[in-house]
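Enquirer: Curious how this folds, go ahead:
(chains A and B)
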Protein chains: 2
Amino acid sequence: MSKEITSRSVDYSQWYNDLILKAGLADYSAVRGCMVIKPYGYALWENMRDVLDKMFKDTGHVNAYFPIFIPKSLFEAEEKNAEGFAKECAVVTHYRLKSDPDNPGKLIVDPEAKLEEELVVRPTSEAIIWNTYKTWIQSYRDLPILVNQWANVVRWEMRTRLFLRTAEFLWQEGHTAHATRDEAIEETEKMLEVYATFAEKYMALPVVKGVKTENERFAGADDTYCIEALMQDGKALQAGTSHFLGQNFAKAFDVTYINKENKPELVWATSWGVSTRLIGALVMAHSDDEGLVLPPKLAPIQVVIVPIYKGEESKALIDAKANEIIAGLKANGIRVKYDDSDNARPGWKFAEYEMKGVPVRLAIGARDIENNVIEIARRDTREKSSVSLDGLVEHIGNLLNDIQESIFNKSLQFRNEHITEVNHWDEFVATLDTKTGFVSAHWDGTNETEDKIKNLTKATIRCIPLDNKQEAGICILSGNPSKQRVLFARAY
Amino acid sequence: MSKEITSRSVDYSQWYNDLILKAGLADYSAVRGCMVIKPYGYALWENMRDVLDKMFKDTGHVNAYFPIFIPKSLFEAEEKNAEGFAKECAVVTHYRLKSDPDNPGKLIVDPEAKLEEELVVRPTSEAIIWNTYKTWIQSYRDLPILVNQWANVVRWEMRTRLFLRTAEFLWQEGHTAHATRDEAIEETEKMLEVYATFAEKYMALPVVKGVKTENERFAGADDTYCIEALMQDGKALQAGTSHFLGQNFAKAFDVTYINKENKPELVWATSWGVSTRLIGALVMAHSDDEGLVLPPKLAPIQVVIVPIYKGEESKALIDAKANEIIAGLKANGIRVKYDDSDNARPGWKFAEYEMKGVPVRLAIGARDIENNVIEIARRDTREKSSVSLDGLVEHIGNLLNDIQESIFNKSLQFRNEHITEVNHWDEFVATLDTKTGFVSAHWDGTNETEDKIKNLTKATIRCIPLDNKQEAGICILSGNPSKQRVLFARAY
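Expert: As a prediction, this is how the structure comes out:
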């Protein structure tokens, strides 16, 4: 089978890359660190985007679009944010090419077309957006501003991986402005909840909701909330973040509003985002050595039908029955594909759709029709069964729900089995090295200890879970007093 | 009234800018030539995008995403294309900023982070896409490739205008690959037809379908098909283009396929695009001195309801009736907004929604409810009438259709009245200067004459209409023989 991929047990990382390429989700490109999102991968992103977009609109947000370029002087205005992203910025310095006098047919950058001020390709848009909000906000009546943007951003990363870390990626970034601190915090938490719901209900991906430590905070935020998921290799992955930005950007861009008492006040801010990285998370969380396993709610194709026939006569009979089934499925909002292409055998097609993670596969032959049955294979468990053609559509609807739930439960069980409470340093290191997963341990609350642990083990504090139990303890490394356990893990 | 805008008769260009800003479609930004698309403008773009996206998918296309950066060596591969866009390219030369040693808190471009090869920010994506297609295409079985991309592109224009010509804009670009010349030409024509249908049925914008002259062709195309619309000031606007690219990109990137006879052949290409420029066209074609006039099919809000009340008791009564109407409209898929905000008087709201081009406004007071009637105002004609609350939803549905049709017919009549056949040079110049619009005139078919006419009058050949009548004549300028009339106009 030409489509074979490295198995997870041999090399998890290679398995992931093989799978992304073989399933047709993405390709490497000619541009360092940038990928091509192929039609199948983009269809998955469209499904994710459409669900999220509706959730944002249902919570009162509207979309807008801001320039991709940020003049350097604006970019540097919020110093912490600028410092945090400076090392990853692609910078436009010229606005014209010209013919190379030494090489006919070739181009060079025109030295006379140098920009007076360099433009940063947005790594995130707080600067350009808050510079705009300054003109939109005068009075408390202009607040809140609840805007989201779907866009591409660029962060010049040294080590890149398809979907998980690419120089350019697609994302959404919400940027809201509020009259009060409480309202901004409420928004930050609300959007974290939206992300958690999306991850669990649609991606079938259980997440821990929490808050980042100061070390791991978004550059320019007062607090970063996050959802953390666990991949099959026991490494954590940050799947979404929601930042309470305090008044940092309002100060940097001098954004004030006149309150009801007619006094000027600084505006409060949030920002929140998820990206095409979620596709990497989805793949790593559920898929297996045969290919993708996609949750039905997001799968570009939910059901594929493969006809099994010899000769045109039996084909015509099967086509008629298949079209009847397809009409029924479509009428129930189920995304179905009929693959009657004649350039591949059924076995090849079966493997192909397993690789692509289509949740349900139907195979139908003339004999099946005679017996009023059809063969159903579910992708997640790879179980096959023969079911009656009567009530098939309802059966498939239920099956898709079952698969969605089953994928989630499997991930949840794995995740829950991989949260380990430890109380001693040796146990901490051993757990990270052998069992892997989240390690729940006491930490003295200092940046120094956190840094030391990271240097010693490559594990970071993924988050302090929301509503974390407060309990006195001893820091795993320093032995100093601790008020609570936090979640450590090695992470993507 | 604070929202007043310059009238069209005083200064059409200023009217347009005022309107874009006052209606909340877009804003200037801190980045030279780039705009901010505000939520109302973006909602309009979303509606346009959703319709087009469905039309593309219905014609067999899928979406994908390619990198925003094009390495210079790829960009220059197709020489004509490169030459055509070289003067407008934003170029990334560095990938890092660092602290300015001389100015604490400021950043400078890190000279040590200079890219080995400069990256062009895509002005169009043929180069990066065809370099990718090279790896996707081996055999005739891999063809056709029917891919579209929704993306931002950058063209460094010297003179910019909101929506019509901005350094960065949003667009879609289809890029297809075919086994045969005929199939590629068929695709080029099919997508032109899709654009024309979209313009006429959704934007209510009549267009002339035609082919560009060699002078006006897309850089790298063998033929550029276009749709041309007429604005209220009598200037033409190119609203969409579909290019037959021949084998130019296949040659530049060495993209061949093995045909059924097992021989290698070069692949045939098309590309086609429309952009946020369409929003500018929509505004310029239909709007008036009171604000936007939007076709109902694309309007973000189709119906606005304004309550007219004194005191809470009458408000409660009106709210109840309004909610009933809203439920009925929503059930019929009509986008409705209830503006019961208490910080503005009805008269202010009326003007505001006229400015925003909401097609239908309902005003309802306690007395109306007693009489079982409601006041309806249509935006396009500004006619008001009082209609029965019985059958209101159906009435509004019909009214929205009427408005859609009426806006189109008005534009069509204007456009038809502004296609003038002329046979003498003096008449040609006079028509351009006074009557304006399209001028249908004989042209000798040479680039030289076309250039001369452009230099003398600023008019360009907008297109040679499809299925153009062939008739012998005398070129308007040179007096040389001509085989057909072409459409000239001054244009945006």
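
Enquirer: can you give me the helices in chain A?
Expert: For chain A, the helices defined by DSSP state H occupy A:12-22, A:39-58, A:72-75, A:79-85, A:126-136, A:181-197, A:248-253, A:277-286, A:312-331, A:346-355, A:366-370, A:392-417, A:425-430, A:447-457.

Enquirer: Show me what the fifth one is packed up against.
Expert: Contacts defined by 3 or more CB pairs under 8 Å, 6 or more residues apart in numbering or on different chains; DSSP states H and E place helix A:126-136 against strand A:69-71, helix A:72-75, helix A:79-85, strand A:145-154, strand A:168-178, helix A:248-253, strand A:268-275. In this view, the C-beta of every residue, glycine as well, is placed from N, C-alpha and C.

Enquirer: mind checking how far the closest residue to A:A252 other than its chain neighbours is from chain B?
Expert: Excluding the flanking residues, the one nearest A:A252 by CB to CB, 6 or more residues apart in numbering or on different chains is A:E78, at 3.9 Å. Distance of A:E78 to chain B, computed by CB to the nearest CB, to the nearest Å: 11 Å.

Enquirer: Please work out how many residues are found near A:E78.
Expert: Neighbours of A:E78 under the rule other CB atoms under 10 Å in any protein chain shown: 22.

Enquirer: so who does it touch?
Expert: A:126-127, A:130, A:220, A:248-249, A:252-253 (CB atoms under 8 Å, 6 or more residues apart in numbering or on different chains).

Enquirer: Now for those, which sits with the most neighbours around it?
Expert: Neighbour tally across these (other CB under 10 Å): the maximum, 32 neighbours, falls on A:E126.

Enquirer: what about the closest residue in space to A:I334 that isn't next to it in sequence, neighbour count?
Expert: Nearest residue to A:I334, sequence neighbours excluded (CB to CB, 6+ apart): A:Q302, at 5.4 Å. Residues contacting A:Q302 under the criterion other CB under 10 Å number 24.

Enquirer: ok, how many other residues are close to the closest residue to chain B within the stretch 301-450 of chain A?
Expert: Taking CB to the nearest CB, chain B has its nearest neighbour within the stretch 301-450 of chain A at A:N343, 6.4 Å off. By other CB under 10 Å, 6 other residues sit near A:N343.

Enquirer: can you pull the pLDDT of the residue nearest to it when sequence neighbours are not counted?
Expert: Counting by CB to CB, 6+ apart, A:N343 lies nearest to B:R141, which is 6.4 Å off, once chain neighbours are set aside. Looking at B:R141, its pLDDT reads 95.

Enquirer: How many residues are close by B:R141?
Expert: Using other CB under 10 Å, B:R141 is surrounded by 12 other residues.

Enquirer: what are the bridge partners for A:S275, then?
Expert: A:W171 (DSSP bridges).

Enquirer: A:L170 is in contact with that one, correct?
Expert: Yes - using CB atoms under 8 Å, A:S275 is in contact with A:L170, at 6.5 Å.

Enquirer: picking that back up, unless I'm mixing things up, the residue nearest to A:I334 is touching A:G397, no?
Expert: No - using CB under 8 Å as the test, A:Q302 is too far from A:G397 to be in contact (9.9 Å).

Enquirer: where do the contact lists of those two overlap?
Expert: Residues touching both A:Q302 and A:G397 (CB under 8 Å, 6+ apart) are A:I334.

Enquirer: Near chain B, which residues of the stretch 101-250 of chain A are found?
Expert: By CB under 8 Å from any CB of the partner chain, the part of the stretch 101-250 of chain A that sits against chain B consists of A:105-107, A:109, A:118-121, A:128, A:131-132, A:135, A:141, A:147, A:151-152, A:154, A:156, A:168, A:170.

Enquirer: Filter those residues down to the buried ones.
Expert: A:107, A:109, A:118-121, A:128, A:131-132, A:147, A:151-152, A:154, A:156, A:168, A:170 (16 or more other CB atoms under 10 Å in any protein chain shown).

Enquirer: Grab the two from the residues you listed that are most spread out in space.
Expert: A:L107 and A:V147 (38.3 Å; CB to CB).

Enquirer: residue contacts, A:S314?
Expert: So A:S314 contacts A:365-366 (CB under 8 Å, 6+ apart).

Enquirer: From the buried ones among the residues of the stretch 101-250 of chain A next to chain B, pick the one nearest B:G234.
Expert: In terms of CB to CB, no member of those lies closer to B:G234 than A:T132, at 34.6 Å.

Enquirer: excluding its backbone neighbours, what's nearest that closest one?
Expert: Distances taken as CB to CB, 6+ apart put B:V36 closest to A:T132, at 5.4 Å, once the chain neighbours are dropped.

Enquirer: For the one you found, which residues are in contact?
Expert: A:64-67, A:132, B:26-29.

Enquirer: Redo these as TSV? Include distance to A:N409.
Expert: Below are the contacts of B:V36 laid out as TSV (distance: CB to CB, whole Å):
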residue	distance to A:N409
A:A64	39
A:Y65	39
A:F66	41
A:P67	45
A:T132	45
B:A26	48
B:D27	48
B:Y28	52
B:S29	48
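
Enquirer: Take those and keep only those in strands.
Expert: Those of the contacts of B:V36 mapping onto strands are B:26-28, per DSSP state E.

Enquirer: from these, which are also near chain A?
Expert: With CB under 8 Å from any CB as the criterion, the ones in strands among the contacts of B:V36 include B:D27 near chain A.

Enquirer: now that we have the ones in strands among the contacts of B:V36, which one has the most neighbours?
Expert: B:A26 (24 neighbours).

Enquirer: wait, doesn't that one sit right on B:I20?
Expert: Yes - B:A26 lies in contact with B:I20 (CB under 8 Å); the separation is 5.4 Å.

Enquirer: shared neighbours, those two?
Expert: Contacts common to B:A26 and B:I20, judged by CB under 8 Å, 6+ apart, are B:41, B:162-163.

Enquirer: Weed out the non-buried ones from the residues you listed.
Expert: Buried among these by 16+ other CB under 10 Å: B:41, B:162-163.

Enquirer: restrict those to those near chain A?
Expert: Filtering the buried ones among the shared contacts of B:A26 and B:I20 for proximity to chain A by CB under 8 Å from any CB leaves B:G41.

Enquirer: Could you point out which of the buried ones among the shared contacts of B:A26 and B:I20 is nearest to chain A?
Expert: Nearest to chain A, judged by CB to the nearest CB, of these is B:G41 at 8.0 Å.

Enquirer: OK, contacts around that closest one?
Expert: Counting by CB under 8 Å, 6+ apart, B:G41 makes contact with A:64, B:20, B:24-26, B:279.

Enquirer: State the pLDDT value of it.
Expert: For B:G41, the model assigns a pLDDT of 98.

Enquirer: How about A:E189?
Expert: 98.

Enquirer: For it, the count of nearby residues, please.
Expert: If we define neighbours as other CB under 10 Å, then A:E189 has 17 of them.

Enquirer: Find the residue at the geometric middle of chain A.
Expert: Nearest residue to the geometric centre of chain A (CA atoms, centre = their mean): A:L278, 1.6 Å.

Enquirer: Check whether A:V154 really touches A:W171, as I assumed.
Expert: No - counting by CB under 8 Å, A:V154 stays clear of A:W171, with 11.1 Å between them.

Enquirer: Distance of the residue of the stretch 301-450 of chain A closest to chain B relative to B:K260?
Expert: 12 Å (CB to CB, to the nearest Å).
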